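Asks: Quick one: sequence plus predicted model below, questions after.
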Amino acid sequence: MERTETIRQKITALLERTQLSAKDLSGEIATSEKDIYDHLAHIQKTSNKRDRHLVVTPAHCRKCGFQFKKRNRVTRPGKCPLCRSELIVAPLLLIEKAEKEME
Ligand SMILES: [Zn+2]
């Protein structure tokens, strides 16, 4: 449990500084990409309750430029629905700190 928390804190700290893909994160933290997705899902779910917000820049097709806009997901789509290319640029993730709401 402690390790899980530590990894999430690391992911959060990295994403507060710069935009990264799940693959970048898995390299930085030495955790499998699959685990990163699990952690991100958790961060996404809990971030609204905190003063942080996970911002997802959608994946896009490197070949035709198609943007996976509907897909507010952190995972990388396998194929472009338009041109069938598999040259997909992974979604980029960033954590924004929300301004304190008036209370
Ligand atoms: Zn395409």
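Replies: Noted; the coordinates are in hand.
Asks: what about the helices in the chain?
Replies: Using DSSP state H, the helices of the chain run over residues 2-17, 22-29, 33-47.
Asks: for the chain, which spans come out with low pLDDT?
Replies: Across the chain, the ranges flagged by pLDDT under 70 are 1-2, 48-50, 71-72, 99-103.
Asks: ok, back up a step: which stretch among the helices of the chain approaches residue 96 most closely?
Replies: Residue 96 sits nearest to helix 2-17 of all the helices of the chain, at 8.2 Å, using C-beta to C-beta. The C-beta positions use only the backbone N, C-alpha and C, and glycine is treated the same way.
Asks: Run the angle between that closest one and helix 22-29 for me.
Replies: Following axes from the mean of the first three to the mean of the last three C-alpha atoms, to 10 degrees, one obtains 120 degrees for the angle between helix 2-17 and helix 22-29.
Asks: Out of the helices of the chain, which is closest to residue 64?
Replies: Proximity to residue 64 (C-beta to C-beta) singles out helix 22-29 among the helices of the chain, at 21.8 Å.
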